[in-house]
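Asks: Below: sequence and its predicted model.
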Amino acid sequence: MKDDGVPAHVTRAARERAFSLADLPDLREFAAAEALRRGMREDAIGDFLVALNEVATNAVTHGSTKARLGIWREGPALVVAVHDDGREWRFEGEPGHDPPPEDATSGMGLWVARLLSNELHVTTGPRGSTVTMRFLLE
């Protein structure tokens, strides 16, 4: 695994883009075009972009000011990895697994992303944090 969260075996097939908070609109446009190009149905793009936006926003507001997106196709799935350099994230259990409390005004991003993706995994360590999501295309 490289520092950006993209596994070495897909490096040639992956498209990558660095981004900051101000770049989120362009990042969504880039990701939508890549998802369509890689086989995502047009009617699935909305949910895909909501999930991606939640994770990408978390990366640049809680992780580090700059983050990286990797996107590739792996068999019947589109895989997206969002990596930031934040190292202070401590969590118990699987992040986003449980819904936030009814009166929550924040903290819903990973839960929403988990609901909209087919898989969501979080890894964190001395090289930063990566959220990887899979979206079935077929």
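Replies: Looks like it came in fine.
Asks: Could you check how many residues crowd around Ala77?
Replies: 20 (other Cβ atoms under 10 Å). (C-beta placed from N, C-alpha, C; glycine too.)
Asks: wait, Glu42
Replies: Glu42 has 9 nearby residues by other Cβ under 10 Å.
Asks: Val79 too?
Replies: 22.
Asks: same question, the one 5 residues further on
Replies: The number of residues packed around Asp84, counting by other Cβ under 10 Å, is 26.
Asks: Let me know whether it touches Thr61 as I believe.
Replies: No - using Cβ atoms under 8 Å, Asp84 makes no contact with Thr61, being 9.7 Å away.
Asks: Mind listing the shared neighbours of these two?
Replies: Counting by Cβ atoms under 8 Å, 6 or more residues apart in numbering, Asp84 and Thr61 have no common neighbour.
Asks: pretty sure Val122 belongs to a helix, no?
Replies: No - counting by DSSP: H, G, I helix; E, B strand; the rest coil, Val122 is not part of a helix but strand.
Asks: my read: it touches Thr130, true?
Replies: Yes - applying Cβ under 8 Å, one finds Val122 in contact with Thr130, separated by 7.4 Å.
Asks: higher neighbour count, those two?
Replies: Thr130 (25 against 16).
Asks: Would you tell me what helix or strand the more buried one is located in?
Replies: Taking DSSP states H and E as the definition, Thr130 sits inside strand 128-136.
Asks: and the residue most central in space within the chain, helix, strand or coil?
Replies: Centroid-nearest residue in the chain: Val82, 4.3 Å away (criterion: Cα atoms, centre = their mean). Here Val82 is strand, with the state taken from three-state DSSP.
Asks: Repeat that for Met40.
Replies: State at Met40, reduced to three classes by three-state DSSP: coil.
Asks: And it, how close does it get to Phe30?
Replies: Distance from Met40 to Phe30, counting by Cβ to Cβ, to the nearest Å: 14 Å.
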